[in-house]
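A.B. asks: What follows is a predicted protein model with its sequence.
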Amino acid sequence: HQQMQMSANEARAYSRKREVELLGQVVAVSQKPDLQMNAEHLIWQIPQKRLTSDRPIQIARLINNKPTDQA
């Protein structure tokens, strides 16, 4: 996707729900705002352009591709 790059050990695409479930060592990087998200489980809801999770997520703000703040 032009706004998001994601990688994981496993991905499951659900065309009827229009979402992608990412499992295991998930890394998602968004372009605007520049954020990197690390988790074990993320669900990307494609029409809403939303990432959700039922587990903890580590979020880092990036400046020049380097983490500056974390939550």
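C.D. replies: Here it is on my side, so go on. All values reported here derive from a predicted model rather than from experimental measurement.
A.B. asks: now stretch 39-58: mean pLDDT?
C.D. replies: What stretch 39-58 shows for mean pLDDT is 92.
A.B. asks: Now tell me what touches it from outside.
C.D. replies: Here stretch 39-58 makes contact (C-beta atoms under 8 Å, 6 or more residues apart in numbering) with 3-4, 6, 8, 18-26, 28, 37-38, 70-71. Just so you know, the C-beta spots here come from the backbone N, C-alpha and C atoms, and that holds for glycine as well.
A.B. asks: List the ones among these that fall in strands.
C.D. replies: 4, 6, 19-26, 28, 37-38, 70 (DSSP state E).
A.B. asks: In those residues, find the pair that's most separated.
C.D. replies: 19 and 70 (26.3 Å; C-beta to C-beta).
A.B. asks: which of the ones in strands among the contacts of stretch 39-58 count as buried?
C.D. replies: Buried residues within those, defined by neighbour count using 16 or more other C-beta atoms under 10 Å: 6, 19-22, 26, 28, 37-38.
A.B. asks: I'd like to know which of the residues you listed is nearest to residue 13.
C.D. replies: For these, the residue nearest residue 13 by C-beta to C-beta is residue 20; the value is 5.1 Å.
A.B. asks: give me the element the closest residue to the closest one other than its chain neighbours is part of.
C.D. replies: Spatial nearest neighbour of residue 20, excluding adjacent residues (C-beta to C-beta, 6 or more residues apart in numbering): residue 44 at 4.6 Å. Using DSSP states H and E, residue 44 falls within strand 35-45.
A.B. asks: Equivalent analysis for residue 16, please.
C.D. replies: Counting by DSSP H and E, residue 16 is found in no helix or strand.
A.B. asks: That one: neighbour count?
C.D. replies: 5 (other C-beta atoms under 10 Å).
A.B. asks: begin at 119 from here
C.D. replies: Understood, numbering begins at 119; the last thing we discussed is residue 134.
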